[in-house]
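Novice: sharing a sequence plus its predicted fold:
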Amino acid sequence: MTAGRFEVERYVSPTGIHSDTYTDPEVFRLEMERVFESGWVYVGHESEVPEKGDYRTTFMGRQPVIFARGDDGEVRLLLNRCRHRGATVCQDQAGNSTFFRCHYHGWTYKNTGELAGVTLPDGYAACGFDVKTLALVAAPRCDRYRGFVFGSLSPAVEPLEEYLGPAATYIDRFVDSGSGLGVRVRRGVPHRYRFRANWKLQMENTVDGYHPGFTHRSFFDMMADQTGKKANPYFKRGESPIRSKALRNGHAALDFGAGRSAEEFGDTFYERVRNAPGAAAILEEFESELGAEVARKELNRVIATGLNVAIFPNLGLIQSQIRVTRPVSVDETEVTLYPTELIGADPRVNYLRRRAQEVFFGPAGMGGPDDVEMFRRCQVGLAAGAVGWTVLARGYDTAIEEGDGSEGDFAAENAQRAQYRQWRRLMDAGPGDGR
Amino acid sequence: MTAVLTAPDAELLAAWTERASRLLATESLLLDSRRYEEWIELFEEDALYWIPLDGSSTEGGESLNIAFEGPARLRQRVARLRSGIAHAQEPPSSTVHCYSSVLVEDLSQETATVRSALLVVHCRFGEQLLVAARCEHRLVARDGRVRIGRKRVDLADVDQAQNDLSFVL
């Protein structure tokens, strides 16, 4: 990379990505500045900090952040850095606290970020330095949509609703899919995994309808053995009603169709959970209470949504989970899968939602680790920089790619191309982007 | 534990200590030689193989888990690992399961709880990855055989990002 303008066209073409985009540490550094530390990023769900004083620590790009609800009831994104000498003021992953205290020299902040007290304050008189003004720095933008809290470290971003655009309707579908009373993140330790590959491989994969029939064939074979039916909703081109939707601003979705269940596609969450401890008994109870047909249809609808949604750059909504991708370095990524439960639903339904997440996802799931292995293989393979460009062309048609949205078949790569159009826009922002 | 054991207790403890030692060593051997089908035979038909995310959980269903499986699901897991297309384990990891600090507790004639420290060395692409955990086996002695009623593996770093755990701990 040369000094001056970042030449986006050297990294992203309409139908391919250059391998340097995944392997060059300088590209990663710029992504952190221009994508993760300037644009909107997803931070957390309001239900994770329901009470005053609740907090969870996280990152916006490389920057450590406390996602905190202050005693005034407001949710803030406070940079986790003492204004004095820079130490973190909050050490735990989550908790509840009235104060955040730096244990290096004892400076103490309220959970609203305001500086509550400085030790030995008399020593600052002569330099004319008003330490009382040194609150924890809050992300200049923090807004939410249906409980999903986003932040930006740049004050200059567009309003959140404008940024989300038509993708907001997919968040609505995720939230409204079950009981109608919404979803909340269940307290406790989520699924979390790491891999030695670039973060964008996870971003692409979240809305990749091309890969399941291949990467996850072992899982679908396993389900076919269990049920005696061929269970692969992705494999046959032209027969799948799943559509790949590219939305404005780099958001995208694999859409099973509003109001449709996975059952008609031969893959049922009802069957996926059956062999989990306690699940078969619950399924039988529901069948005897509602009748077999109604029970199956309803359970397929409420155990998980038939949606894969990717909100650029770091949020995924898949089945019943909230997926958050955290870039660590150019070839290291950490991903967290927060399980959601349906508010007000029968506890047995939420029991089955957890079982559906466990069978496929997480470090020991029978699907997710195979994706992670593909990311690893991509990172190793992309080191063959001599090859240059990848092919991201399936379903490419200039007529439909232009404009704000496009729709392709289940295995079209229009979703990924849309992600990279947004990447280009942000990376092309040029030096001095106002921060 | 400091109380002086009466003779029958001492006999029971000696018997269970021997059983526990044999069982853990057998498990370790079967897993490390990937004799998974024989390993599953060590479990009771209503048994649980459990890697919790919530260390305070006592039965698992109310929390999300890393693994929460009975023999039916374990058989599926093993069949998938054998398929040749379970990519995260292709080629399969080479493992060494080391049980140590074994305590045999809560004894009756038929049941005992075995608490141990577990280190799994997981070799992959020239690296040796470590999985460190506390382990609890609930054992059942019946018809001259000792079987596992429940195996619970509490990862030491359960609140941190994990590497692939799609093989068997």
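Specialist: Yep, that arrived.
Novice: how about the residue in the stretch 1-150 of chain A that chain B sits nearest to, what does it touch?
Specialist: In the stretch 1-150 of chain A, no residue comes nearer to chain B than A:Q93, which is 6.2 Å away by C-beta to the nearest C-beta. From N, CA and C alone the C-beta is placed, and that goes for glycine too. Contacts for A:Q93 (C-beta atoms under 8 Å, 6 or more residues apart in numbering or on different chains) come out as A:56-57, B:159.
Novice: can you tell me which of the residues you listed is nearest A:V328?
Specialist: A:T57 (15.1 Å; C-beta to C-beta).
Novice: quickly list what the closest one is bridged to.
Specialist: A:I66 (DSSP bridges).
Novice: that one contacts A:A94, correct?
Specialist: Yes. Applying C-beta atoms under 8 Å as the test, A:T57 and A:A94 come out as touching, 7.3 Å apart.
Novice: all helices in chain A, in order from the N-terminus.
Specialist: Taking DSSP state H to define them, one finds helices in chain A at A:20-23, A:25-31, A:160-164, A:168-176, A:199-206, A:212-215, A:217-227, A:269-272, A:279-290, A:292-303, A:347-360, A:368-382, A:398-401, A:414-427.
Novice: and the closest residue to A:C378 other than its chain neighbours, how many residues sit next to it?
Specialist: Spatially, and ignoring its direct neighbours in sequence, A:C378 is nearest to A:L201 (5.4 Å; C-beta to C-beta, 6 or more residues apart in numbering or on different chains). Neighbour count for A:L201, taken as other C-beta atoms under 10 Å in any protein chain shown: 22.
Novice: so what's A:L201 up against?
Specialist: With the criterion set at C-beta under 8 Å, 6+ apart, A:L201 makes contact with A:22, A:333, A:374-375, A:378-379.
Novice: try A:S179
Specialist: A:S179 neighbours (C-beta under 8 Å, 6+ apart): A:302, A:342-345.
Novice: list the buried residues of stretch A:369-384.
Specialist: A:369-376, A:378-379, A:382 (16 or more other C-beta atoms under 10 Å in any protein chain shown).
Novice: what's the answer for stretch A:298-306, then?
Specialist: Using 16+ other C-beta under 10 Å as the burial criterion, the residues of stretch A:298-306 that qualify are A:298-306.
Novice: cool, and stretch A:183-195?
Specialist: Buried residues in stretch A:183-195 (16+ other C-beta under 10 Å): A:183-186, A:188-195.
Novice: with respect to A:A279, which of the residues you listed is nearest?
Specialist: A:R186 (17.4 Å).
Novice: how close does the residue nearest to A:Q416 when sequence neighbours are not counted get to A:E51?
Specialist: Computed as C-beta to C-beta, 6+ apart, the closest residue to A:Q416 that is not its neighbour in sequence is A:E204, at 4.8 Å. Applying C-beta to C-beta, to the nearest Å, one obtains 37 Å for the distance of A:E204 from A:E51.
Novice: between the two, who's got more neighbours?
Specialist: A:E204 (24 against 8).
Novice: which intervals of chain B have sub-threshold pLDDT?
Specialist: Residue ranges of chain B with pLDDT under 70: B:1-8.
Novice: which bits of it sit near chain A?
Specialist: B:48, B:51, B:53-54, B:60-70, B:72-73, B:76-77, B:79-80, B:83, B:85-90, B:158-166 (C-beta under 8 Å from any C-beta of the partner chain).
Novice: now intersect these with the strands, please.
Specialist: Counting by DSSP state E, the residues of chain B next to chain A place B:48, B:51, B:65-69 in strands.
Novice: would you turn the contacts of A:S179 into CSV with pLDDT?
Specialist: Shown next, in CSV, are these (pLDDT from 0 to 100):
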residue, pLDDT
A:V302, 90
A:L342, 95
A:I343, 95
A:G344, 93
A:A345, 93
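Novice: would you list those residues in TSV and tack on distance to B:L24?
Specialist: What follows is the contacts of A:S179, written out as TSV (distance: C-beta to C-beta, whole Å):
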residue	distance to B:L24
A:V302	42
A:L342	41
A:I343	44
A:G344	45
A:A345	41
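Novice: of the residues you listed, grab the buried ones for PyMOL.
Specialist: Buried members of the contacts of A:S179, defined by 16+ other C-beta under 10 Å, are picked up in PyMOL with:
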select buried, chain A and resi 302+342+345
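Novice: ok, and which of the contacts of A:S179 reach chain B?
Specialist: Of the contacts of A:S179, not one also sits near chain B (C-beta under 8 Å from any C-beta).
Novice: the contacts of A:S179 in strands, which ones?
Specialist: Those of the contacts of A:S179 lying in strands (DSSP E): A:L342.
Novice: gap between the nearest residue to B:R35 once chain neighbours are set aside and chain A?
Specialist: With sequence-adjacent residues excluded and distances taken as C-beta to C-beta, 6+ apart, B:R35 is closest to B:L29, at 7.8 Å. Counting by C-beta to the nearest C-beta, to the nearest Å, the separation of B:L29 from chain A is 22 Å.
Novice: quick one on the thing from earlier: which of the residues of chain B next to chain A count as buried?
Specialist: Applying 16+ other C-beta under 10 Å to the residues of chain B next to chain A flags B:48, B:51, B:53-54, B:60-61, B:63-70, B:72-73, B:76-77, B:79-80, B:83, B:86-89, B:158, B:161-166 as buried.
Novice: from those, which land in helices?
Specialist: B:72-73, B:76-77, B:79-80.
Novice: what's the nearest residue to A:A411 if we skip its chain neighbours?
Specialist: A:Y210 (3.9 Å).
Novice: so who does A:V207 touch?
Specialist: By C-beta under 8 Å, 6+ apart, the neighbours of A:V207 are A:244, A:252-254, A:308-310, A:415-416.
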